[in-house]
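1. one predicted model, sequence on top.
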Amino acid sequence: MPIYRTPGVFIEDIPTTPPSIAGAATGIAAFVDVFAQGPLQQPVEIDSPAAFETAFGTTNTSPASQGIRQFFANGGQTAWVVRIPGSTASAVEVIGAADTHSGLHALDSVDVFNILCLPCAVELPDADMQAIYTAALDYCAQRRAFLIIDIPATVATPTAMRDWLTQHAVLRQRNAAVYFPRLVAQPRRLSKHVQTVAASGAIAGLYARTDATRGVWKAPAGTETDLRGVYGLAYALTELDIDMLHAAGVNVLRNLDTGALVCWGARTLLNNDPEWKYIPMRRLALFIETSLERGLAWAVFEPNDQALWTKLRSTAENFLAQLFRQGAFVGRMPDEAYFVRIDRSTLTQDDIDNGRLVLIVGFAPLKPAEFIVLHIQVMNR
């Protein structure tokens with residue numbers, strides 16, 4: 001500390017450490033459907049089946065009602081629920097509109113959600129279902145969320161599953177995944193007719209459970225991913241079935257010899273893309289983008305100069321270093337696992353003049369120094 005030998009007022013700049021970035025919450029699901037009661041076109045935060053029934057009625061009145069019950073049974077902690085008008089769902093009501101904050105766009109006021117489930121879509125005619133899922137994929141891209149696509153009850157065999165995907169190739173995007181077969185919703189002995197339900201609610205709960213116990217960068221698949229609150233599967237798969245479905249980008253649900261029902265596969269529907277073929281890689285990227293965008297928001301009020309760039313780089317590097325220590329990336333040393341750049345190579349003079357801050361962030365999820373590269377933009381005013 002300086003020693004002052006004469007009277008006066010002295011100003012000393014005290015160096016500060018860069019602001020820290022908190023990881024964005026993950027495993028938060030959203031459901032849009034018709035329910036027995038509750039507020040219309042308003043997102044309601046739910047933390048248990050009991051809270052859902054208090055707000056919206058029983059968990060057996062619609063596809064999403066059953067999905068919400070399975071979400072919590074499989075480890076989910078938080079869900080946002082939107083009730084749309086009518087006694088049955090329709091494409092117009094599910095999709096909604098941004099100007100009226102209806103349907104999907106009722107979620108505009110929700111700060112963060114990561115997983116979108118729309119099991120009602122597969123109860124509708126094919127054209128309506130495709131319209132809903134196409135709109136949902138666009139919305140997920142805007143909100144950095146991941147869509148779990150369900151299949152109709154008529155898609156009952158592995159061959160039918162493969163053919164259904166061929167017919168709906170528009171759904172092959174990086175922010176989506178599909179699972180086969182559907183789930184059995186009640187004990188078989190209680191009914192001669194086996195009722196099957198969409199799997200998205202249970203799978204969303206499994207995502208949340210994996211995020212909480214292992215990290216968003218871990219695959220929600222394998223022997224530890226037992227499905228809970230489920231009485232069976234609508235189809236018993238052979239090894240040949242599993243190989244065929246995996247090649248088509250379909251994640252399978254299967255019985256183990258132990259009797260457990262597990263998820264076996266973690267592929268997005270963009271399964272031919274080397275960067276985005278795996279769910280944990282895509283969801284980790286969405287997590288990093290969301291965390292950095294939120295954690296660097298303070299920069300909008302700072303002068304767009306070299307000092308700010310250095311501070312942003314240091315802040316982002318500290319965040320990625322935490323993920324590296326937690327096992328999110330591979331590599332012996334940090335420079336093999338991640339990097340951050342923000343300088344004249346990432347910014348044009350037009351960017352600087354118009355208040356744009358562009359960070360290039362790379363992370364290595366599978367092999368050292370083989371980076372997936374993200375462009376993070378912060379507007380500076």
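-> Nice, I can see it.

2. so which residues of the chain form helices?
-> For the chain, the helices defined by DSSP state H cover 49-56, 63-73, 91-95, 126-143, 158-167, 200-213, 239-247, 279-295, 306-326, 334-337, 349-353.

3. packing partners of the helix or strand bottoming out on mean pLDDT in the chain?
-> Using mean pLDDT, DSSP states H and E, the weakest-scoring helix or strand in the chain turns out to be helix 349-353, at a mean of 82. On a contact count with 3 or more CB pairs under 8 Å, 6 or more residues apart in numbering; DSSP states H and E, helix 349-353 meets strand 356-363. Glycine gets a C-beta too; all of them are placed from N, C-alpha and C.

4. buried ones in stretch 345-359, by neighbour count?
-> For stretch 345-359, burial by neighbour count (16 or more other CB atoms under 10 Å) applies to 346, 347, 351, 357, 358, 359.

5. hmm, who's touching it?
-> 292, 296, 299-300, 304, 308-309, 312-313, 316, 340-342, 360, 375-381 (CB atoms under 8 Å, 6 or more residues apart in numbering).

6. stretch 196-205 too?
-> With CB under 8 Å, 6+ apart, stretch 196-205 has contacts from 29, 31, 63-64, 66-76, 115, 117-119, 122, 148-151, 153, 177, 179, 181-185, 220, 227-230, 234, 253, 263.

7. type out the PyMOL command that picks the buried ones from those.
-> This is the PyMOL syntax for the buried subset of the contacts of stretch 196-205, where burial follows 16+ other CB under 10 Å:
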select buried, resi 29+31+63+64+66+67+68+69+70+71+72+73+74+75+76+115+117+118+119+122+148+149+150+151+177+179+181+182+183+184+185+220+227+229+230+234+253+263
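
8. so, low pLDDT: which residues of the stretch 201-350 of the chain?
-> Along the stretch 201-350 of the chain, no part satisfies pLDDT under 70.

9. cutoff 90 now
-> 231, 257-259, 299-305, 344-350 (pLDDT under 90).

10. and residue 38, how far is that from residue 24?
-> As for residue 38, its distance to residue 24 is 27 Å (criterion: CB to CB, to the nearest Å).

11. more neighbours: which of these two?
-> residue 24 (21 against 15; other CB atoms under 10 Å).

12. could you find the closest non-adjacent residue to residue 298?
-> The shortest distance from residue 298 to any non-neighbouring residue, by CB to CB, 6 or more residues apart in numbering, is to residue 19 (6.2 Å).

13. what separation do you get for that neighbour and residue 93?
-> From residue 19 to residue 93 the distance is 42 Å (CB to CB).

14. so if I had to pick from those two, which one is more boxed in?
-> When neighbours are counted by other CB under 10 Å, residue 19 and residue 93 differ, and residue 93 comes out ahead with 20 against 15.

15. isn't that one up against residue 84?
-> Yes. The pair residue 93 / residue 84 is scored as a contact, 4.2 Å apart, by CB atoms under 8 Å.

16. identify the contacts common to those two.
-> Listed as contacting both residue 93 and residue 84 by CB under 8 Å, 6+ apart are 102, 103.

17. picking that back up, what sits against the residue nearest to residue 298?
-> The neighbourhood of residue 19, defined by CB under 8 Å, 6+ apart, consists of 295, 298, 315.

18. any quick ChimeraX command for the buried ones out of those?
-> Buried members of the contacts of residue 19 can be picked out in ChimeraX with the line below, counting by 16+ other CB under 10 Å:
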select :295,315
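
19. number of residues surrounding residue 268?
-> Residues contacting residue 268 under the criterion other CB under 10 Å number 25.

20. for residue 206, that is, sorry about that
-> Residues lying near residue 206 (other CB under 10 Å) number 27.

21. ok, it touching residue 220?
-> Yes. At 5.0 Å, residue 206 and residue 220 qualify as touching, with contact defined as CB under 8 Å.

22. what is in contact with the two at once?
-> What both residue 206 and residue 220 touch, as defined by CB under 8 Å, 6+ apart, is the set residue 263.

23. give me the buried subset of the contacts of stretch 345-359.
-> 292, 296, 299, 304, 308-309, 312-313, 316, 340-342, 360, 376, 378, 380.

24. how near is the residue lying closest to residue 182 once chain neighbours are set aside to residue 230?
-> Excluding its sequence neighbours, the residue lying closest to residue 182 (CB to CB, 6+ apart) is residue 196, at 4.1 Å. Residue 196 sits 11 Å away from residue 230 when distances are taken as CB to CB.

25. overlap in contacts, the two.
-> Counting by CB under 8 Å, 6+ apart, the shared contacts of residue 196 and residue 230 are 183, 184.

26. domain-wise, how is the protein divided?
-> Taking automatic domain parsing as the reference, the chain has its domains at 28-281, 296-379.

27. thought residue 295 was touching residue 21?
-> Yes. If you go by CB under 8 Å, residue 295 and residue 21 touch, sitting 3.1 Å apart.
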